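K.L.:
Please find the sequence and the predicted model below.
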2 protein chains.
Amino acid sequence: MRDVAIIGIGMTRFGELWESSIRDLCVEAALACFNDAGIDRLDSITIGSMSSGLFTGQEHLASLVPDYLGRRNVPAVRVESACASGGQAVRTAFLEVASGMSDVVLAIGIEKMTDVSGGEATYALATAADQDYEAFHGVTFPGLYAMMARAHMERFGTTRDQLAQVAVKNHENGSHNPHAQFPFTVTRKQVINSVMIADPLTLLDCSPITDGAAAVLVAPAEMARELQRGPLTVITGIGHATDTISIAHRADLLHLDAIELASSRALGMAGKTIEDIDFAEVHDCFTIAEILVLESMGVVPAGQGGPATLDGLTALDGDFPVNPSGGLKSKGHPVGATGVAQICEAVTQLRGAAGDRQIPNARIALTQNMGGSGGSSVVHIVEAR
Amino acid sequence: MRDVAIIGIGMTRFGELWESSIRDLCVEAALACFNDAGIDRLDSITIGSMSSGLFTGQEHLASLVPDYLGRRNVPAVRVESACASGGQAVRTAFLEVASGMSDVVLAIGIEKMTDVSGGEATYALATAADQDYEAFHGVTFPGLYAMMARAHMERFGTTRDQLAQVAVKNHENGSHNPHAQFPFTVTRKQVINSVMIADPLTLLDCSPITDGAAAVLVAPAEMARELQRGPLTVITGIGHATDTISIAHRADLLHLDAIELASSRALGMAGKTIEDIDFAEVHDCFTIAEILVLESMGVVPAGQGGPATLDGLTALDGDFPVNPSGGLKSKGHPVGATGVAQICEAVTQLRGAAGDRQIPNARIALTQNMGGSGGSSVVHIVEAR
């Protein structure tokens, strides 16, 4: 297996981008990525999108994207694993390069979510849950995560303040990110007093509906060394795992097996432990999700995610900074783009180019992308060399 | 890159399978495949589906399928390139094994198309065309292929009889296939006199709406040799290419660049020429499509696909048998399953297990899977060793 490096990153702004179509966003992110890499070669494309069909009526992005990028004839594939589609795009691009099938591969993550009504978007997102045994009964993702939040409060005494602090921290980080959809700060009081969505989760506990695209260019590490324009960033570990699609079928509602397995597989491949990680981008689609992910990855023991967050463990200046980009919460969550955007943030930090949100001496990053209520997860370890 | 063999195949019957859900069909094909392989090991899953979201309201098959297969926690990804999604599933499984990331990988192709109305199915299929510049104006795939058929008749003098012979041949082949949706024979007169869909294409020029799943199990060739229960079948070449999503943007309406490139790339990788191929499974979504594919791959010169078909070149006992399975036309076309089912037929023939539709001494097979109106194509070369 060949070593694989990231030689370019590019993103659109995240937000309600009514003036841009799905093809515009893919092209904008891809061109920014080529510009960053300083090369013009492309052997293959992977595209992560959860449901361009339901959100925009356009499938077959594998043909559309190379076409509108001016690269017709280049092989391309769209990959999907609900909100983990972006992580899948990077993983599949990694396999293209690692196998020797291609040298320079573009991984794009894309979702154009605001061309449909809020109700239609909620329906589209709910297709990531078990359609027969969850969505059919009317439960949507805020409801599923609210059930997990309620159970966490009951079992561990997690408080409303602790949940709200996840949002406070991520909005603080996101206020320094020029790509963020909601780059404003919030207080715990504002989070708790915002409109109720699914008890105990309020509006500011939830990530938003977002348009956006992100792209990374990967190539053999050997080629990256020759092209090198900045610090070399290498994907040293990838872990991927699944779990039951329905939360009702899990032995423990509060332990996400797919996240534990994906992170331990990625760390194992990289020859690292969680203690070696300098910072992480994780899938905070809801405040409770960040807490569940921290506990499932073993950053803190079960039940300690809330207190640790309130104590500042995961703050930008904490011992284990989480979501320096602002996370899904503040940066926005164009579902298929999120996993790729996490890698963009990792590379930006490893290059020391993150400005006011820079984590000093960041050398080893972990990104954790999740589908549904934890039915799938992809974890990457990215290191500066 | 490691050599990759196919160690098992499995299919459901193709048809209107109202008694089976999308999860039932995936599990049925997968279990048939494990039974065929005679092993119980699984490291990863790839799933080809064009639009489970639009057809069934269920995305996130990457979580659903391992869950219902009793293999929760196994990595899985869904891949899509419209009607070439099945070919993409096999190609991605190939990359998993070739790279060394996984050893035993299951590639499933699935589409459950009859749970929606015919109008909804036509809308879902049309999302494989350019939504802004084709579908928006009301054109659907029968219309797009009808324009190509009309142009072919005008430029080359292709006749209605020649088009109809594609259907006659494929139904004859399909009448020997127990998995086929429409295993009856038809005459040219019946094809020509069937109800008009999009002039000059009639109902019997069109592949049907179908439910079905197909699966193949791939593994390193070395492992396959140890497990070997029958003739060893190896994937020696894979080609993949794209073209403009809209037919209006192509230099020539009647030459499918993606098919030429995908087939020449696959043959090049296998060290073969088209003359070395013993038989092919190709993407006959409409009768004209089979003719365009034969010409674009260089089996016959441009304009000669019609006369060659009428002369019997592509018949079961011809010099270049095409679609011994019955093709999409007779076997059925559950869009995401088709590319995997083509590989199942290739392996069945290479094993000498195709019964009344067996091609004598078949050693080298080509499968050609296509997305949209030729906006993407995946070609595999499979050889008996």
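P.N.:
Looks like it arrived, so ask away. Here the structure is a predicted model, which means the values were calculated and not measured. Residues are numbered from 1 along each chain as shown, chains lettered A, B, ... in the order given.
K.L.:
wait, isn't A:N369 in contact with A:V79?
P.N.:
No: assessed by Cβ atoms under 8 Å, A:N369 is found out of contact with A:V79, at 12.0 Å. In short, each C-beta sits where N, CA and C put it, glycine included.
K.L.:
higher neighbour count, the two?
P.N.:
The neighbour comparison of A:N369 against A:V79 (other Cβ atoms under 10 Å in any protein chain shown) goes to A:N369, with 35 against 30.
K.L.:
what about the strand or helix carrying that one, near chain B?
P.N.:
Using DSSP states H and E, A:N369 maps to strand A:364-371. Yes: residues of strand A:364-371 contacting chain B under Cβ under 8 Å from any Cβ of the partner chain: A:G371.
K.L.:
Report all helices and strands that that strand contacts.
P.N.:
helix A:85-99, helix A:257-270, strand A:279-281, helix A:287-296, helix A:335-350, strand A:376-384 (3 or more Cβ pairs under 8 Å, 6 or more residues apart in numbering or on different chains; DSSP states H and E).
K.L.:
so which of these comes closest to chain B?
P.N.:
helix A:85-99 (3.6 Å; Cβ to the nearest Cβ).
K.L.:
Helix or strand next in line after the closest one, which one?
P.N.:
Helix A:85-99 is succeeded, C-terminally, by strand A:105-112 (DSSP H and E).
K.L.:
can you count the residues close to the residue nearest to A:I39 when sequence neighbours are not counted?
P.N.:
Closest residue to A:I39 apart from its sequence neighbours, by Cβ to Cβ, 6 or more residues apart in numbering or on different chains: A:L227 at 6.3 Å. A:L227 is flanked by 16 other residues according to other Cβ under 10 Å.
K.L.:
residues touching A:L227, list them.
P.N.:
By Cβ atoms under 8 Å, 6 or more residues apart in numbering or on different chains, the contact list for A:L227 reads A:7, A:37-39, A:219.
K.L.:
Weed out the non-buried ones from the residues you listed.
P.N.:
The neighbour-count test (16 or more other Cβ atoms under 10 Å in any protein chain shown) marks A:7, A:37, A:39, A:219 as buried among the contacts of A:L227.
K.L.:
thinking again about what came up before, of all pairs in the contacts of A:L227, which one is the farthest apart?
P.N.:
A:G38 and A:A219 (12.1 Å; Cβ to Cβ).
K.L.:
Of all the helices and strands packed on strand A:364-371, which one is nearest A:G157?
P.N.:
Of these, nearest to A:G157 by Cβ to Cβ is helix A:287-296, at 12.6 Å.
K.L.:
Do me a favour and average the pLDDT over that closest one.
P.N.:
For helix A:287-296, mean pLDDT rounds to 98.
K.L.:
From the contact counts, what lies against the helix or strand following it?
P.N.:
The helix or strand immediately downstream of helix A:287-296 is helix A:305-310, counting by DSSP H and E. On a contact count with 3+ Cβ pairs under 8 Å, 6+ apart, helix A:305-310 meets helix A:160-174, helix A:287-296.
K.L.:
Write out the residues of the stretch 251-385 of chain A neighbouring chain B.
P.N.:
A:257-258, A:261, A:371-372, A:375-376.
K.L.:
try 6 Å this time
P.N.:
Applying Cβ under 6 Å from any Cβ of the partner chain, one finds that the stretch 251-385 of chain A approaches chain B through A:261, A:371-372, A:375-376.
K.L.:
Ok, the stretch 101-250 of chain A next?
P.N.:
Counting by Cβ under 6 Å from any Cβ, the stretch 101-250 of chain A sits next to chain B at A:127-128, A:131, A:240-245.
K.L.:
Between all of the residues you listed, which two are separated the most?
P.N.:
A:Q131 and A:H240 (22.8 Å).
K.L.:
Tell me, how many residues neighbour the residue in the stretch 51-200 of chain A positioned nearest to chain B?
P.N.:
In the stretch 51-200 of chain A, the residue that lies nearest chain B is A:S63 (3.1 Å; Cβ to the nearest Cβ). Residues lying near A:S63 (other Cβ under 10 Å) number 31.
K.L.:
can you pull out the strands in the stretch 101-250 of chain A?
P.N.:
A:105-112, A:196-198, A:201-202, A:211-220, A:233-242 (DSSP state E, counting those that start in this stretch).
K.L.:
Identify each buried residue in the second one, please.
P.N.:
Okay, so that is strand A:196-198. A:197-198.
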